[in-house]
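Student: build me a model:
(2 chains)
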Amino acid sequence: MILKGIKKASKLVFQGDGSKLYKVAFWILVSIFILQALFPVYWLFMSSVKPPSELYSRIQHLIPRSIDLSPYIIKIWKFMDFERYLLNSVIISGSTTIIILFAGSLAGYVFGRARLKGKMIIMLTILGLSMFPQVSFLFPLFEMFSRWGLLDTHLAMILPDSAYLLPIAVWALQAFYKQIPQDLEKAARVEGCTRIEALWKVIVPLALPGFISVGLMTFIMTYNEFFFSNLFSHTKASQPAPIGIFRFAVGYYQPWDLVTAASVVSMIPILLVILLAQKQIIRGLVARSRE
Amino acid sequence: MVKGRNSPGKLRTVSLGLFINGIRGIPGKFSLWVERLSEGHFCLLLLSPLILLLTVIIGVPLLGTIWVSFHQYAPTKPWLEYKFTGLANYISLLTDPIFFAALLHSFYFTVLNIVFMLLFAMMGAFLASKQTKGKAIIRTALLVPWATPIAIAGITFKLMYSSEYGVINYLLKSAGFIEEYIPWLLSYSHVFNWMYSAVAMNAVIVAAVWRNIPISTLLLLAALESIPSEYYKVAKVNGANTWQIFRHITLPLIMPAITVVVLWRAITAMRIYGIIETMTGGGPGRLTETLQLLTIRTFFTAKNIGKGSAIATMTMIFTFLIILAYLVFIQYMEKRRK
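Tutor: Residues are numbered from 1 along each chain as shown, chains lettered A, B, ... in the order given. Okay, the predicted model is just below:
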């Protein structure tokens, strides 16, 4: 009932004849929506530049009265070794993205273009595998990794991350492959290209925008990943940035100035990527579940 | 010393040369070998990295979990091998009120998460679809919550909910809604009469919804934009009012997208972990402990591998049912499209 009422009201607002009231209501709704999306991140940033006296005060001004940048300049590098965590993050997300793009582009080609019996069943099985919660294969994986001595190394996160995100990436990539006309490949084969040449010189360059979308999406999702990195990494030798920050934040004493500043720094690369490539990212996000 | 025919230096050079030649030949030979493969084998070759990765990392451990769930195993007592105990783990599970509490928490979380997320996502999608200016801003703003790492989202909300220096308490008190600062994430008794004992859970749900809105909004927006504008024009010419247009044109056409979003969210809500772990760690007491958290606690804190695997298997079954519904729905859509 309420849902219908809201829909009705919003519909009335949006399809109005452009009178002033409608416009005002529209922009109020838009600003509420934008505000709820941005406020937590805004608050994180504001908390990170506050001096401790304001940070730990009962009275929280929406705009800080004074600014203290010492966490950014000294503290997070000196007390946290934050550069180490950032490096781990980049290594893990970068390798995962490369693995996913390699395995995913080959598999996506098969699903998007080749004629294969039972293709749909294989695709659905693969997609189904990635939908099971991570706990359903957590413990045997943990045992395997501890026997192979992989715990607390980058590989302990790269392997599960790539396996778990691969099906979604394949699903998105095959949608991009499907858009390439079938005749192009046939023409290349007639001209005397080998299979690998046709794939590498004709299909891959045409699917490149798709690769970029999926690559960016994968990079961000791996960077944000929590489950495997929380359970498979124990020291700063392998912990990615968000996990390192989390471990700092759960103790009895919570150094919020350090934690917030480190959080902001770890979000900067991601925010930059988003601002520069939001179109590609949105295309990737939508493509993966269009099917 | 003069370098002779068989001096080690020369040998090394020669063997290096041979090696390089060998490497150079590999792509060509590989390419030829690939040419001779049948279509099916070629597909299999292309699929092999995917199959290898998925089998080793997900497939085998998945079966391993099911296998262990029928056994007793304690890693702290290595002299005890895996001992077959039949259904003992499941029986102890089904007589355990903690399991049912976790199940209830998961269910509560899933339902509320979906309802509020859908409400906001619909609103956002309609707002963005109606005006080009609004769309650009909303889209950019939307990607921010999606790109916030789960751990950082959890930490930020924890700071905002703080009972001593939290901005939410401050704002609510300044506006006169509350008299005292509320320890949102630590509340187990009722704060308001209608929010009995679920304060911490609701607080977590707010954070989860915040992070889940973007993807749903983008998907619904894509669905909205794929509706041809002629439909609206024809409807208007024929004298339909806005509500009729929404009810009979927009809603049926975006219903598939809504269903996908809801099912997808139901599947991901089954594996909710990060946001709860970072905000409350399952506390206060066990009031925000969902199935996924309970499983991990059973593995790593209680070190009861058999029982943990049994819970994981149960979670798998629940997820499987949702996935089945999802797949059936996809098939149905495929058929309808043709």
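Student: just how off-centre is stretch B:88-100 within its chain?
Tutor: 26 Å (C-alpha atoms, centre = their mean, to the nearest Å).
Student: is it anywhere near chain A?
Tutor: No: no part of stretch B:88-100 sits close enough to chain A to count as contact by C-beta under 8 Å from any C-beta of the partner chain; the gap is at least 12.8 Å. C-beta coordinates here come from the backbone N, C-alpha and C atoms, glycine included.
Student: kindly report the same for stretch B:252-264.
Tutor: Yes: on the criterion C-beta under 8 Å from any C-beta, stretch B:252-264 is in touch with chain A at B:260, B:264.
Student: for that stretch, what is the average pLDDT?
Tutor: Taken as a whole, stretch B:252-264 carries a mean pLDDT of 85.
Student: chain center to that stretch, what's the gap?
Tutor: Counting by C-alpha atoms, centre = their mean, stretch B:252-264 is centred 17 Å from the centre of its parent chain.
Student: please point out which parts of the longest helix belonging to chain A sit buried.
Tutor: Longest helix in chain A by number of residues (criterion: DSSP state H): helix A:256-290. Across helix A:256-290, burial judged by 16 or more other C-beta atoms under 10 Å in any protein chain shown covers A:256-267, A:269-270, A:273-274, A:277-278, A:280-289.
Student: care to break the chain down by domain?
Tutor: No chain was given, so I picked chain A. Recorded structural domains for chain A (assignment: automatic domain parsing) are A:2-68, A:76-290.
Student: my question was about chain B
Tutor: B:12-53, B:88-159+B:199-337.
Student: so which of these is the most packed in?
Tutor: Among those, domain B:88-159+B:199-337 has the highest mean neighbour count (mean count of other C-beta atoms under 10 Å in any protein chain shown), at a mean of 19.
Student: can you pull out the strands in chain B?
Tutor: Ranges of strands in chain B, per DSSP state E, are B:71-72, B:83-84.
Student: what angle do helix A:256-290 and the helix or strand hosting residue A:26 make with each other?
Tutor: If you go by DSSP states H and E, residue A:26 is part of helix A:20-49. Counting by axes from the mean of the first three to the mean of the last three C-alpha atoms, to 10 degrees, helix A:20-49 points 130 degrees away from the direction of helix A:256-290.
Student: got the buried residues for helix A:20-49?
Tutor: Buried residues in helix A:20-49, defined by neighbour count with 16+ other C-beta under 10 Å: A:25-26, A:29-30, A:33-34, A:36-37, A:40-41, A:43-44, A:46-49.
Student: tell me how far residue B:266 lies from residue B:256.
Tutor: Residue B:266 sits 16 Å away from residue B:256, going by C-beta to C-beta, to the nearest Å.
Student: residue A:192: neighbouring residues, count only.
Tutor: Counted with other C-beta atoms under 10 Å in any protein chain shown, residues neighbouring residue A:192 total 8.
Student: may I see the domains of chain B arranged in CSV, with distance to residue A:134 as well?
Tutor: CSV is the format used below for those (distance: least, C-beta to C-beta, whole Å):
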stretch, distance to residue A:134
domain B:12-53, 15
domain B:88-159+B:199-337, 6
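Student: mean pLDDT for the ones you listed: which is lowest?
Tutor: domain B:12-53 (a mean of 76).
Student: in stretch A:190-198, what counts as buried?
Tutor: A:193, A:194, A:195, A:198.
Student: check stretch B:58-76 too.
Tutor: Neighbour-count burial for stretch B:58-76, counted by 16+ other C-beta under 10 Å, picks out B:58-59, B:61-62, B:64-66, B:68-73.
Student: any residue of it touching chain A?
Tutor: Yes: for a cut-off given as C-beta under 8 Å from any C-beta, stretch B:58-76 has contacts with chain A, namely B:58, B:59, B:60, B:61, B:62, B:64, B:65, B:68.
Student: pretty sure the fourth one contacts residue A:135?
Tutor: No: under the criterion of C-beta atoms under 8 Å, residue B:61 lies out of contact with residue A:135, with a separation of 10.6 Å.
Student: chain center to stretch B:45-54: distance?
Tutor: Counting by C-alpha atoms, centre = their mean, stretch B:45-54 comes out at 23 Å from the chain centroid.
Student: neighbouring contacts of that stretch?
Tutor: Outside of stretch B:45-54, the residues within contact range by C-beta atoms under 8 Å, 6 or more residues apart in numbering or on different chains are A:99, A:102-104, A:106-107, A:109-110, A:114, A:122, A:126, A:129, A:159, A:162-163, A:166-167, A:170, B:34, B:37.
Student: which secondary structure elements does the helix holding residue A:26 sit against?
Tutor: Under the contact definition 3 or more C-beta pairs under 8 Å, 6 or more residues apart in numbering or on different chains; DSSP states H and E, helix A:20-49 sits against helix A:2-14, helix A:256-290, helix B:97-130, helix B:132-147, helix B:150-161, helix B:199-225.
Student: quick one, that helix and helix B:97-130 angle?
Tutor: 130 degrees.
Student: isn't residue B:318 up against residue B:271?
Tutor: No: between residue B:318 and residue B:271 there is no contact under C-beta under 8 Å: 10.7 Å.
Student: what's the neighbour count on residue B:172?
Tutor: 15.
Student: also residue A:122?
Tutor: Using other C-beta under 10 Å, the number of residues around residue A:122 comes to 18.
Student: ok, and what's touching the one helix or strand it maps to?
Tutor: Taking DSSP H and E as the definition, residue A:122 sits inside helix A:119-129. Residues outside helix A:119-129 that contact it (C-beta under 8 Å, 6+ apart): A:110-111, A:116, A:167-168, A:170-171, A:174, B:47, B:50, B:54, B:58-59, B:62, B:323, B:327, B:330.
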